[in-house]
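1. Sharing a model prediction with you, sequence too.
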Amino acid sequence: MTEIYRASASSNIAFLKYWGKKDPVLQWPANDSLSMTLNQLASRTTAFVHDADDHSFQFQGEALDRHHPSFSKVYKHLDYLAKTFHFDQKLSIASSNSFPTGAGIASSASGLAALTIAAMASWTSSASFEDLEEKGFSREQLAHLSRLGSGSAGRSLFGGYVQWQAGSHADKQKILPVYAADHWKLCDTVALFSHSEKSRSSTVAHGDAWTSILFRPRIAGAPERMSAMLKALEARDLSALGPLLETEALEMHAVMMTTRPPQFYITEDAVEFLAAFRRARQEGRFEAYFTIDAGPNIHIIHESSAELVSWLQENFPTLQLLHDRVGDGPSLERGLN
Ligand code: PMV
């Protein structure tokens, strides 16, 4: 019998975006970010120690080796963790996502968070987060390890609303839960727009941010926007939070569109959708606001609005939607194989 560790971590949607880094090696972001951890859009990862010369990794049932272009960062992350903490054993890892692959939902946040938890639990034989903490790996430390795999993954180590503070130095960064999920049950309805053009990887695109003339003013304005967002969150005030979400997303995309090379993540379909969405809101059909990450999908943030859902069904009957809401954060359990 082999002990097997099962971790699940949900994706998160950034309200105030992490875009651009002060230091790419130390994974030091240019500004503080704020996100909502989701519930169902999750990665589930199992890990166990195996007697082999290398780690093995399966994604949705398919074995992928170290040289796979999209998954080499999984191996790189495992190598980093093993080297840093002197773990000699090799791991067998299997991961899958609850959301359709190729739907344009970024899986690096949930994927790298679940991978970090499952791998660290296997290496330290920890059956729970309490066990991990006893062995010196607190939730915040796991968040920092996850962010080294993919920046936004750090925020998926906590449920509810999470802040990643850049701090005055790379090693003064903090990742902390600001409000638990039950503070405000916000929903995220994701409208999926396909994207045939191959996007630049976010790792490379983060580096391009400095080439946009809009980037420095963006960083300068981030603290003020953060305070306003935190105030709106505290007051559970959607009419205050919503416009901030939209300005923030559009500003990040304005930076992306003005870098060298420019990067357009938002598709024509999505632009048309946004125009109709804004018009309908102005007409008072619903109260909901959009945000967009480094991809073509539109995330619609709302307070479980039935009016929004019926407007979507009426006006975009063929549009693929995923309905999710704020979640409680990752889970970990141990079983026998
Ligand atoms: O974690 P990365 O390197 O994939 O960057 C994520 C960047 C955004 O999703 C666009 C914003 C964010 O804060 O999650």
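-> Looks like it came in fine. What you see is a predicted model; the values in this text were computed from it and never measured. Residues are numbered from 1 along each chain as shown.
2. And the residue in the stretch 101-250 of the chain positioned nearest to the ligand, how far from Tyr161?
-> The stretch 101-250 of the chain approaches the ligand most closely through Ser152 (3.3 Å), counting by CB to the nearest ligand atom. C-beta: built from backbone N, CA, C; applies to glycine. Between Ser152 and Tyr161 the distance is 14 Å, computed by CB to CB, to the nearest Å.
3. that older thread, what about the residue of the stretch 101-250 of the chain closest to the ligand, how many residues close to it?
-> Ser152 is flanked by 27 other residues according to other CB atoms under 10 Å.
4. Also Phe57?
-> 24.
5. again with His144
-> 18.
6. and the next element down the chain from the strand or helix carrying it?
-> Using DSSP states H and E, the element containing His144 is helix 139-149. Next along the chain after helix 139-149, taking DSSP H and E as the criterion, comes strand 161-165.
7. For Val204, what are phi and psi?
-> phi -70, psi -40 (degrees, to the nearest 10).
8. Near it, how many other residues are there?
-> With other CB under 10 Å as criterion, Val204 counts 11.
9. residues in contact with the helix or strand bottoming out on mean pLDDT in the chain?
-> Lowest by mean pLDDT, DSSP states H and E among the helices and strands of the chain is helix 202-208, with a mean of 87. With contact meaning CB atoms under 8 Å, 6 or more residues apart in numbering, helix 202-208 is reached by 19-21, 24, 106, 108, 151, 199-200, 256, 259-261, 263, 294.
10. Just to be sure, Gln58 is in a strand?
-> Yes. Assessed by DSSP: H, G, I helix; E, B strand; the rest coil, Gln58 belongs to a strand.
11. For it, which non-adjacent residue is closest in space?
-> Spatial nearest neighbour of Gln58, excluding adjacent residues (CB to CB, 6 or more residues apart in numbering): Ala94 at 4.3 Å.
12. Who is the one you found paired with across the strands?
-> Going by DSSP bridges, Ala94 is paired in beta bridges with Thr46, Gln58.
13. Check Leu38 too.
-> With DSSP bridges as the rule, Leu38 is bridged to Val326.
14. Can you tell me the element Ser168 falls in?
-> Going by DSSP H and E, Ser168 is not in any helix or strand.
15. can you check the one 10 residues further on too?
-> In this structure, Val178 sits in strand 174-179 according to DSSP H and E.
16. And Ala294, by the same measure?
-> Residue-wise, Ala294 maps onto no helix or strand under DSSP H and E.
17. mind checking how far it is from Ile13?
-> On the measure of CB to CB, Ala294 and Ile13 end up 12 Å apart.
18. between the two, who's got more neighbours?
-> Neighbour count, other CB under 10 Å: between Ala294 and Ile13, Ile13 has more, with 27 against 22.
19. Could you list the alpha-carbon positions for the one helix or strand that one maps to in CSV?
-> Remark: Ile13 resides in strand 3-16, with elements defined by DSSP H and E. What follows is strand 3-16, C-alpha atoms only, in CSV (Å, rounded to 0.1, in the frame of the first residue of the first chain):
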residue,chain,number,x,y,z
GLU,A,3,0.3,6.7,0.9
ILE,A,4,-1.2,9.1,-1.6
TYR,A,5,-1.8,12.8,-1.1
ARG,A,6,-4.8,14.5,-2.7
ALA,A,7,-4.9,18.3,-3.0
SER,A,8,-7.5,20.5,-4.5
ALA,A,9,-7.0,24.2,-5.2
SER,A,10,-9.4,26.6,-7.0
SER,A,11,-8.4,29.2,-9.5
ASN,A,12,-8.7,32.9,-8.4
ILE,A,13,-9.9,35.9,-10.3
ALA,A,14,-7.9,39.1,-9.7
PHE,A,15,-9.8,42.2,-8.8
LEU,A,16,-6.6,44.3,-8.8
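20. Just after that strand, pick out the following helix or strand.
-> Next element after strand 3-16 (DSSP H and E): strand 21-23.
21. which other helices and strands contact the helix or strand Ala254 falls within?
-> If you go by DSSP H and E, Ala254 is part of helix 238-257. Applying 3 or more CB pairs under 8 Å, 6 or more residues apart in numbering; DSSP states H and E, one finds that helix 238-257 contacts strand 3-16, helix 215-234, strand 288-291, strand 298-302.
22. Please save the CA atoms from the last one in CSV.
-> As requested, the backbone C-alpha atoms of strand 298-302 are provided in CSV (Å, rounded to 0.1, in the frame of the first residue of the first chain):
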residue,chain,number,x,y,z
ILE,A,298,-15.0,37.8,-19.6
HIS,A,299,-15.5,37.2,-15.9
ILE,A,300,-18.8,38.8,-14.7
ILE,A,301,-18.9,39.6,-11.0
HIS,A,302,-22.3,39.8,-9.4
